[in-house]
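Q: Sequence first, predicted model second:
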Amino acid sequence: MTLIRIENLKKHYVSGDETVEALRGVDLAIEAGEFVTIMGQSGSGKSTLLSVLGGMNHPTAGTVEMAGIQLYELPGERLADFRAVNLGFVFQSFHLIQYLTALENVMLPLAIIKMKKAEKLQAAMEALERVGLAGKADRLPNQLSGGEQERVAIARAIVKKPPILLADEPTGNLDTKTSEEVMELFRRLNDEGQTVVMVTHNPENCAYADRSIHLRDGVVAEERKAAAIARSAA
């Protein structure tokens, strides 16, 4: 089942007298349960595409359909509600609150949800268990390694069990071994049914995905399926 469908997506930015065409007509379909990586050189449009997918950057033209909903036809408040329910975000810089414990950081997305505190605690602990950090729930971010902080960020993104997980360079600040561990976690979450769309600069990360999309100058230049990715990485 197609979960995300993008048609003729364009995004232009105006800077003084100059118009920058970040996206110049992207067509893309992503199936439910698929793991897709988006690659491209700096300025290719990959981060712009992810921000548009995340409901945070209105396109200049084209359509973004998610779960049968035309994303940018929703008024502001309903768009925010859709994003809160359906999308989880993982960023390169973690964005953890330094004075909150790992458990409290994971609970943050539940603050606006009508749930009993005990239920929120249970949901956050379950998310930490899924990323292998149940034993460090009471640690502050500065008491965790970079890889562990990224796992907390992933737990926070999945605590509400959104159908779509968007990740922007999640291994960009990690060493090789830790990056592999984080990518194996994303692969496991995907195997459990999570749809993952990830922007990455690291070709090795694509080996964990079902499909890799390469952008060049704001358009899709190439797509590779899992078998082709594996051959390329070999």
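A: The structure has been received and is ready for your questions.

Q: for the chain, which residue is closest to the average position?
A: The geometric centre of the chain, computed from its C-alpha atoms, lies nearest to residue 166 (Cα atoms, centre = their mean), at 1.3 Å.

Q: following the helix or strand hosting that one, which helix or strand shows up next?
A: Following DSSP states H and E, one finds residue 166 within strand 164-168. Sequence-wise, the next helix or strand downstream of strand 164-168 (DSSP H and E) is helix 176-191.

Q: Can you report the mean pLDDT over the residues of that following helix?
A: Averaging pLDDT along helix 176-191 yields 92.

Q: which helices and strands does it pack with?
A: If contacts are counted by 3 or more Cβ pairs under 8 Å, 6 or more residues apart in numbering; DSSP states H and E, helix 176-191 sits against strand 35-39, helix 146-158, strand 164-168, strand 195-199. Yep, even glycine has a C-beta here, placed from its N, CA and C like the rest.

Q: and of those, who's closest to residue 179?
A: Comparing these against residue 179 with Cβ to Cβ, the closest turns out to be helix 146-158 (8.2 Å).

Q: where in this structure is pLDDT low?
A: 227-234 (pLDDT under 70).

Q: Show me the helices in it, by range?
A: Assigned by DSSP state H, the helices in the chain fall at 46-53, 76-86, 102-107, 117-130, 146-158, 176-191, 226-233.

Q: Mind giving me the packing neighbours of the third one?
A: This points to helix 102-107. Using 3+ Cβ pairs under 8 Å, 6+ apart, helix 102-107 sits against helix 117-130, helix 146-158.

Q: Can I get it as PDB, trimmed to CA atoms?
A: Provided in PDB are the C-alpha atoms of helix 102-107 (Å, rounded to 0.1, in the frame of the first residue of the first chain):
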ATOM      1  CA  ALA A 102      16.300  10.000  29.300                       C
ATOM      2  CA  LEU A 103      12.800   8.900  30.400                       C
ATOM      3  CA  GLU A 104      11.600  12.400  30.700                       C
ATOM      4  CA  ASN A 105      12.900  13.300  27.300                       C
ATOM      5  CA  VAL A 106      11.100  10.400  25.700                       C
ATOM      6  CA  MET A 107       7.900  11.500  27.500                       C
END
